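Engineer: attaching a predicted model along with its sequence, questions to come.
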Amino acid sequence: MKRLFIIWFILLIPALLLGQEWKTFSDTSVLFTAKYPANWTTKMKEGKRVFFTSPADSPSDDFLENINISVTTNPGYGTEIKIKDLFPSVTNSLKPSFNDFNEESQRFFKWNNADAAEVIYSGYNKIDTSLKVRMVQWFCFYKTRLYTVTFTSEANSNKHNATARKIMSGIIFRK
């Protein structure tokens, strides 16, 4: 019996430690790599925007949380224009797209050893006013690129927040 317990324990520990299986997204044309859960889907859309989409929470789940990542290039990014210079103009430009816009927080931090900003806001999208959403956006200049990452979720749900933060924190900019 003791031997069976030891075998069971040896088999169970790696599963508990590793938890969910993660994949690595890497495409030389998009200038970053990212790890994401195996049960999330990924696709590249026009303009080389990359989307990671959560699985449905239930058969009736009509809204799939998602992260989208875009990279734009401009010689002035990070040299002439600093990330702190973007605020409050970024927030002001978001307001017209939402009904009941609420900026929940804003902070500056380091991401890939570069200055970055986070803005969290919520509201009803003017195109679809049936669902209140929460957006977490990260902005970072790295070399001459602007990395913009947006996590979109239902405003009243925190189910995928920890996973989304892990994906966002794990994005590595390419040289």
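Structural biologist: Structure's in. What do you need? Residues are numbered from 1 along each chain as shown.

Engineer: the bottom helix or strand of the protein by mean pLDDT?
Structural biologist: None of the helices or strands of the chain scores lower by mean pLDDT, DSSP states H and E than helix 2-18, at a mean of 42.

Engineer: whichever helix or strand comes after that helix pairs with which strands, and in what direction?
Structural biologist: Sequence-wise, the next helix or strand downstream of helix 2-18 (DSSP states H and E) is strand 22-27. Using DSSP bridges, strand 22-27 pairs in its sheet with strand 32-37 (antiparallel).

Engineer: buried residues in the partner strand?
Structural biologist: By neighbour count with 16 or more other C-beta atoms under 10 Å, strand 32-37 contains the buried residues Phe32, Ala34, Lys35, Tyr36, Pro37. From N, CA and C alone the C-beta is placed, and that goes for glycine too.

Engineer: what sits against the fourth one?
Structural biologist: So that's Tyr36. Trp22, Lys23, Phe25, Thr42, Phe52, Ile167 (C-beta atoms under 8 Å, 6 or more residues apart in numbering).

Engineer: distance check, the closest residue to Lys82 other than its chain neighbours against Leu146.
Structural biologist: Among residues not flanking Lys82 along the chain, Asp115 sits closest, at 6.9 Å (C-beta to C-beta, 6 or more residues apart in numbering). Distance from Asp115 to Leu146, counting by C-beta to C-beta, to the nearest Å: 12 Å.

Engineer: all strands in this structure, in order from the N-terminus.
Structural biologist: 22-27, 32-37, 41-45, 49-53, 66-73, 98-111, 114-125, 132-142, 145-154, 172-173 (DSSP state E).

Engineer: buried residues in stretch 135-145, which are they?
Structural biologist: Buried positions in stretch 135-145, judged by neighbour count with 16+ other C-beta under 10 Å: Met135, Val136, Gln137, Trp138, Phe139, Cys140, Phe141, Tyr142, Arg145.

Engineer: no further questions, thank you.
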